[in-house]
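Q: what shape does this take:
(chains A and B, ligands or ions: 2)
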Amino acid sequence: MRVDGRNGNASLINVRGLDKKYYRGGEEIHVLQGLNLDVEQGEFIAFMGPSGSGKTTLLNLLGGLDVPSAGSITVAGDEITHMSRSKLTEWRARHVGFVFQMYNLIPVLTAFQNVELPLLLTKLSKAERRKHVEIALGVVGLSDRMHHYPRQLSGGQEQRVTIARAIVSDPTFLLCDEPTGDLDRKSADEIMELIGTLVKQYHKTVLMVTHDPVVAQRADYTLHLDKGALVESGAIAQAGGGGR
Amino acid sequence: MKYSGLIFANLFRKKLRLLLTIGSFAVALMLFGFLAVVKEAFSGGVSIAGADRLVVINRTSIIQPLPISYADKIMRIPGVKEITHDNWFGGVYQDERNFFPQFAIDVERQRQIYPEFAIPDEQWQAFKQDRQGAIAGAATAKRFGWKVGDRIPIKGTFLPGVWEFNLDGIYHGTRQADDETQFWFHWDMFEEKVPERYKGMVGWYTVRVENPDDSLKVAKAIDAEFSNSPYETHTDTEKAFAAGWVKQFGNIEFLILTIGGVVFFTLLLVTGNTMAIAVRERTNELAVLKAIGYSDRFVLLLVLTESLVIAAVGGGLGLILAKGFTLLGDPTHGLLPFFYLPGIAIVAGTMAALAIGIASGILPAVGAMRMRVVEALRRV
Ligand SMILES: Nc1ncnc2c1ncn2[C@@H]1O[C@H](COP(=O)(O)OP(=O)(O)OP(=O)(O)O)[C@@H](O)[C@H]1O
Ligand SMILES: [Mg+2]
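A: Ligands and ions are numbered 1, 2, ... in the order given. Sure thing, here's the model as predicted:
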């Protein structure tokens, strides 16, 4: 992990000079200003910062949901910043697993069906899809809730289904925007335990936004968004006990 | 189809709403079916009119007669193959409301001119021998519960007295739309009984031409033959006469198109609004689908499929109900010459339902297609 942009282009994710401006009623909001970031395979990074500092904006850009005003993002050798909308959609399906704050499950589909959604876009057979879904739900510890609907699950369980959906197609990296934001302490701990396992045991690369220093502690690195760029605040990281 | 789970789950999201929307389609299409039945009842004659038949009437009006002597003269005109003549009787059976058309027919030529009416040969032979005999259409016979051998008294209107007929046979139309309400009896007997001033006169002639392509030429030749005579003729194709008959009732077609148009327009507004709500309330879910890799086009088709399935199920149900209603039988008991739902109306209704399905779904679907994930998720 580096935030100085001096790592060549060898990392899994390379972000260079990323700029994002919004225009609202003639007024320009310069959210990200020349942001640099390099992430290695298997790293777990937490983004922190005050509300409105641009954390979600950064995650959306990294996930190919939005396009930057300037700068480039390269993931596993693919530069995504110049892809067409439809190319980006395909790219997301292959490379990104999303976990949002609100659980974002389809309420009329069962846990199984929700997790299966990304696999429907692949060429996998029905039996193969079933196997993958069962494994993903096993990893998040919900094998026995496969045929429950979201409303029949607790908040923590719902979020675990979302995580299963994010990992089922084995994406290049996971993006989590305040995954524990709506959960009580105990459920939040369980979710963080799970994400920690994904990183340690399954060597997933995870980029996570959080407001909660306790949650951020679990990450290998905590980066702060400050004036539109990332800083590795040693003081804060040490105070939180993070870092590797 | 691997996406059917997603489509059905979405459809059944709000069961009451689904039911009401399908119900709207069903009611509208059932009404469409009824309108089509009514339209067919009035205008069915136009579509089945014989292409090779001409009708010759008195130029003044159809109620003015023509001399029987014209028959031979018309037969000599090139292109004419066969001729027959009829008189309108207009009698009353039991009650004025029991209307059905009665014709004094030319027994010798009837079957050559109207091959579409099928009668068992022995019944026809019995009818030919029996000067008091009559043949009734299957619909009329069924309406009054007549059987072969019954005596049918019919009271004259412009002719005096009660006329008694022996029912010697029942005819059936060979096509679905053929008129099965007519009642035929011997012209010879009729002519004998009418007052002096009606003798030797027929109501109209029906001419069969050698070649339908020559119809207009033959019609002109007939009218030319009798121009400047005391009984000038007006000759036209049977189709044109049938169309003229429909016009007597005012512009039924226009009325039906208007009602149908209003019904479909209302249906479009109702279902369009429903689809818009159904899509808006799941903007967030559609955004998630896009985030995890579903294409804009997929989302468009997902929404359109939903409204198409509703349209197909509801519309199909409505047309089946309308068809079922016609199969129960004519509620006017044969007053309408045709009572059935034509196949073309079923096709047209299905297409209209699907078109409305697409029209009501297209705006929300395009909105969903264009919706940007980032903005949709921010709205939560
Ligand atoms: N589509 C948009 N149009 C205009 N301004 C926007 C848009 N999206 C984000 N912004 C602005 O950009 C800034 C950063 O927003 P962002 O959502 O990235 O912040 P955040 O760090 O995720 O905040 P929070 O912690 O509250 O989630 C905010 O000032 C926001 O109002
Ligand atoms: Mg945010």
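
Q: low-confidence stretches in chain A?
A: A:103, A:233-244 (pLDDT under 70).

Q: next to ligand 1, which bits of it? Give me the list.
A: With the criterion set to Cβ under 6 Å from any ligand atom, chain A comes near ligand 1 through A:22, A:24, A:29, A:31, A:49, A:51-57. Where you see a C-beta, it was placed from the backbone N, CA and C, and this is true even at glycine.

Q: format those as JSON lines; extra columns: neighbour count, distance to chain B and secondary structure.
A: Output for the residues of chain A next to ligand 1, formatted as JSON lines (neighbours: other Cβ atoms under 10 Å in any protein chain shown; distance: Cβ to the nearest Cβ, whole Å; DSSP: H, G, I helix; E, B strand; the rest coil):
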{"residue": "A:22", "neighbour count": "12", "distance to chain B": "11", "secondary structure": "strand"}
{"residue": "A:24", "neighbour count": "7", "distance to chain B": "13", "secondary structure": "strand"}
{"residue": "A:29", "neighbour count": "12", "distance to chain B": "14", "secondary structure": "strand"}
{"residue": "A:31", "neighbour count": "20", "distance to chain B": "12", "secondary structure": "strand"}
{"residue": "A:49", "neighbour count": "17", "distance to chain B": "17", "secondary structure": "coil"}
{"residue": "A:51", "neighbour count": "7", "distance to chain B": "13", "secondary structure": "coil"}
{"residue": "A:52", "neighbour count": "11", "distance to chain B": "12", "secondary structure": "coil"}
{"residue": "A:53", "neighbour count": "18", "distance to chain B": "15", "secondary structure": "coil"}
{"residue": "A:54", "neighbour count": "26", "distance to chain B": "13", "secondary structure": "coil"}
{"residue": "A:55", "neighbour count": "23", "distance to chain B": "13", "secondary structure": "helix"}
{"residue": "A:56", "neighbour count": "22", "distance to chain B": "8", "secondary structure": "helix"}
{"residue": "A:57", "neighbour count": "24", "distance to chain B": "9", "secondary structure": "helix"}
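
Q: what segments of the chain are helices?
A: Just so you know, I chose chain A. A:55-62, A:85-95, A:111-120, A:126-139, A:155-167, A:185-200, A:213-216, A:234-240 (DSSP state H).

Q: right idea, wrong chain: chain B
A: Using DSSP H, helices in chain B cover B:4-11, B:15-48, B:70-75, B:110-113, B:121-129, B:138-144, B:187-193, B:215-225, B:238-247, B:252-280, B:283-291, B:296-327, B:343-370, B:373-378.

Q: the helix or strand of chain B with the lowest mean pLDDT packs against which elements?
A: The helix or strand of chain B with the poorest confidence is helix B:238-247; it has a mean of 76 (mean pLDDT, DSSP states H and E). Counting contacts by 3 or more Cβ pairs under 8 Å, 6 or more residues apart in numbering or on different chains; DSSP states H and E, helix B:238-247 packs against helix B:15-48, strand B:53-58.

Q: chain A is nearest to which of the ones you listed?
A: Closest to chain A of the helices and strands packed on helix B:238-247, according to Cβ to the nearest Cβ: helix B:15-48, at 10.9 Å.

Q: what's that closest one packed up against?
A: helix B:238-247, helix B:252-280, helix B:296-327, helix B:343-370.

Q: hmm, 10 Å instead?
A: In this structure, helix B:15-48 packs against helix B:4-11, helix B:238-247, helix B:252-280, helix B:296-327, helix B:343-370, with contacts taken as 3 or more Cβ pairs under 10 Å, 6 or more residues apart in numbering or on different chains; DSSP states H and E.

Q: now do the contacts for the spatially most central residue of chain A.
A: When Cα atoms, centre = their mean is applied to chain A, the residue found nearest the centroid is residue A:175 (0.6 Å). Going by Cβ atoms under 10 Å, 6 or more residues apart in numbering or on different chains, residue A:175 touches A:58-60, A:62-65, A:92, A:96-100, A:166, A:205-209, B:291.

Q: swap the cut-off to 7 Å and go again
A: With contact taken as Cβ atoms under 7 Å, 6 or more residues apart in numbering or on different chains, residue A:175 is in contact with A:59, A:62-63, A:96, A:98, A:207.

Q: quick one on the thing from earlier: lowest mean pLDDT across the helices and strands packed on helix B:238-247, which one is that?
A: If you rank the helices and strands packed on helix B:238-247 by mean pLDDT, helix B:15-48 sits at the bottom with a mean of 87.

Q: and that one, how far out from the chain's middle?
A: Helix B:15-48 has its C-alpha centroid displaced from the chain centroid by 14 Å (Cα atoms, centre = their mean, to the nearest Å).

Q: ok, now stretch B:346-356?
A: 18 Å.

Q: buried set for it?
A: B:346, B:349-350, B:352-353, B:356 (16 or more other Cβ atoms under 10 Å in any protein chain shown).

Q: how about the residues of the stretch 251-380 of chain B by chain A?
A: B:284-285, B:288, B:290-295, B:373-374, B:377, B:380 (Cβ under 7 Å from any Cβ of the partner chain).

Q: again, only this time at 8 Å
A: By Cβ under 8 Å from any Cβ of the partner chain, the residues of the stretch 251-380 of chain B that approach chain A are B:284-285, B:288-296, B:373-374, B:377-378, B:380.

Q: how about chain A: which residue is closest to chain B?
A: Counting by Cβ to the nearest Cβ, chain A gets nearest chain B through residue A:93, at 2.5 Å.

Q: distance-wise, check that residue relative to residue A:179.
A: 20 Å (Cβ to Cβ, to the nearest Å).

Q: settle it for me: which of the two has more neighbours?
A: residue A:179 (28 against 19; other Cβ atoms under 10 Å in any protein chain shown).

Q: which one is the more buried one nearest to, not counting chain neighbours?
A: Excluding its sequence neighbours, the residue lying closest to residue A:179 (Cβ to Cβ, 6 or more residues apart in numbering or on different chains) is residue A:99, at 4.9 Å.

Q: which ones are touching residue 49?
A: Picked chain A for this. Under the criterion of Cβ atoms under 8 Å, 6 or more residues apart in numbering or on different chains, the neighbours of residue A:49 are A:55, A:224-226.

Q: I was after chain B.
A: Contacts of residue B:49 (Cβ under 8 Å, 6+ apart): B:237-239, B:241-242.

Q: residue B:33: neighbour count?
A: Using other Cβ under 10 Å: residue B:33 sits among 23 other residues.

Q: look up how far ligand 1 lies from it.
A: 50 Å (Cβ to the nearest ligand atom, to the nearest Å).

Q: that residue is in contact with residue B:318, isn't it?
A: Yes. If you go by Cβ atoms under 8 Å, residue B:33 and residue B:318 touch, sitting 6.6 Å apart.

Q: mutual contacts of the two, please.
A: residue B:349.

Q: export the helices and strands packed on helix B:15-48 as JSON lines, with columns for distance to ligand 1.
A: As requested, these are exported to JSON lines (distance: least, Cβ to the nearest ligand atom, whole Å):
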{"stretch": "helix B:4-11", "distance to ligand 1": "27"}
{"stretch": "helix B:238-247", "distance to ligand 1": "62"}
{"stretch": "helix B:252-280", "distance to ligand 1": "19"}
{"stretch": "helix B:296-327", "distance to ligand 1": "19"}
{"stretch": "helix B:343-370", "distance to ligand 1": "15"}
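
Q: least reliable of those by average pLDDT, please.
A: Looking at the helices and strands packed on helix B:15-48, the bottom one is helix B:238-247 with a mean of 76.

Q: pick out the residue closest to the middle of chain B.
A: Nearest to chain B centroid, counting by Cα atoms, centre = their mean: residue B:40, 1.6 Å.

Q: give the contact list for that residue.
A: Residue B:40 neighbours (Cβ under 8 Å, 6+ apart): B:177, B:338-342, B:345.
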